[in-house]
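Participant: sequence-free structure coming up:
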Ligand code: NI
């Protein structure tokens, strides 16, 4: 929808200047008759900035370009996605759970972590899971220039390709944040931008039961579930709770008749 190559941050900067000047004109009693034009422009500027920002951070809108966050389907399909790994021992533990239950998932990995643990990347691929690009350093892409965004995704694709022989064709920007330039780079590199529809804030470790309940309360046909096997590049926090929650989520959803698929498979259903 929004097809210009202007950065969100530049637009917000420009809007801030417009708001300040408008408020100043209002304060100096210029542009007050017949309506308070200065004040009106300032309010409009603030609202516009707010809307532009919301569209950059909310996972389910297409304002800056098409993103995939869930499938509209009558089939009982869901996709599990894990971000920020690989991160031992948790990624391995999640892979064990998935293997036991014969459930495929999609891993949006960080290039930096993948470079340290190519063995885990190979295991993810060998066990039938999908790999996705989650950038190299887990930085907010809204703050990077075009060339730096390209470096983040190209480096990550290279590390993954070095490990498994092919590069991913799906990407999830850190925090889901994107603007027109981020979307343009992804299109240029033929990477589909994948967000999510069900999240649980598992990254703050609220308890395995809480994580599972939040997910189970929101899941519907075609949901894309966001979980974290990693902890950014800090790699400090435990992911024990996510491992335990994954077990609960799979067992409960299987009992409800759901089938698990990769992001690619749920995308295909969406396109049909
Ligand atoms: Ni992340």
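Facilitator: Arrived safely. Since the structure is predicted, the reported quantities are computational estimates derived from the model, not experimental observations. Residues are numbered from 1 along each chain as shown.
Participant: residues near residue 245, how many?
Facilitator: 25 (other Cβ atoms under 10 Å). For the C-beta atoms, the positions are set from N, CA and C on the backbone; glycine is no exception.
Participant: and the helices in the stretch 51-200 of the chain?
Facilitator: For the stretch 51-200 of the chain, the helices defined by DSSP state H, counting those that start in this stretch occupy 90-101, 111-116, 118-126, 146-164, 180-188.
Participant: tell me the helices and strands packed up against the longest one.
Facilitator: I take that to be helix 146-164. Packing contacts for helix 146-164, counted by 3 or more Cβ pairs under 8 Å, 6 or more residues apart in numbering; DSSP states H and E, involve helix 111-116, helix 118-126, strand 130-133, helix 180-188.
Participant: within range of the ion, give me the residues from the stretch 101-250 of the chain.
Facilitator: Contact residues (Cβ under 5 Å from the ion) of the stretch 101-250 of the chain with the ion: residue 174.
Participant: where does the stretch 101-250 of the chain get nearest to the ion, residue-wise?
Facilitator: residue 174 (4.9 Å; Cβ to the ion).
Participant: which residues are in contact with the nearest residue to that residue once chain neighbours are set aside?
Facilitator: Counting by Cβ to Cβ, 6 or more residues apart in numbering, the nearest residue to residue 174 once its immediate chain neighbours are dropped is residue 138, at 4.9 Å. By Cβ atoms under 8 Å, 6 or more residues apart in numbering, the contact list for residue 138 reads 84, 110, 112, 174, 232, 233.
Participant: still on that earlier bit, mean pLDDT and mean neighbour count added to the helices and strands packed on helix 146-164, as CSV?
Facilitator: Formatted as CSV, the helices and strands packed on helix 146-164 follow (pLDDT from 0 to 100; neighbours: other Cβ atoms under 10 Å):
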stretch, mean pLDDT, mean neighbour count
helix 111-116, 98, 21
helix 118-126, 98, 18
strand 130-133, 98, 26
helix 180-188, 95, 20
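Participant: now the ones you listed in CSV, with distance to residue 257?
Facilitator: What follows is the helices and strands packed on helix 146-164, written out as CSV (distance: least, Cβ to Cβ, whole Å):
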stretch, distance to residue 257
helix 111-116, 35
helix 118-126, 27
strand 130-133, 23
helix 180-188, 34
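Participant: to residue 150, which of the ones you listed lies closest?
Facilitator: Closest approach to residue 150 among those is made by helix 180-188 (5.8 Å; Cβ to Cβ).
Participant: now the angle from that closest one to helix 146-164?
Facilitator: On the basis of axes from the mean of the first three to the mean of the last three Cα atoms, to 10 degrees, helix 180-188 is oriented at 40 degrees to helix 146-164.
Participant: from the contact counts, what lies against helix 180-188?
Facilitator: Packed next to helix 180-188, using 3+ Cβ pairs under 8 Å, 6+ apart, are helix 146-164, strand 192-193.
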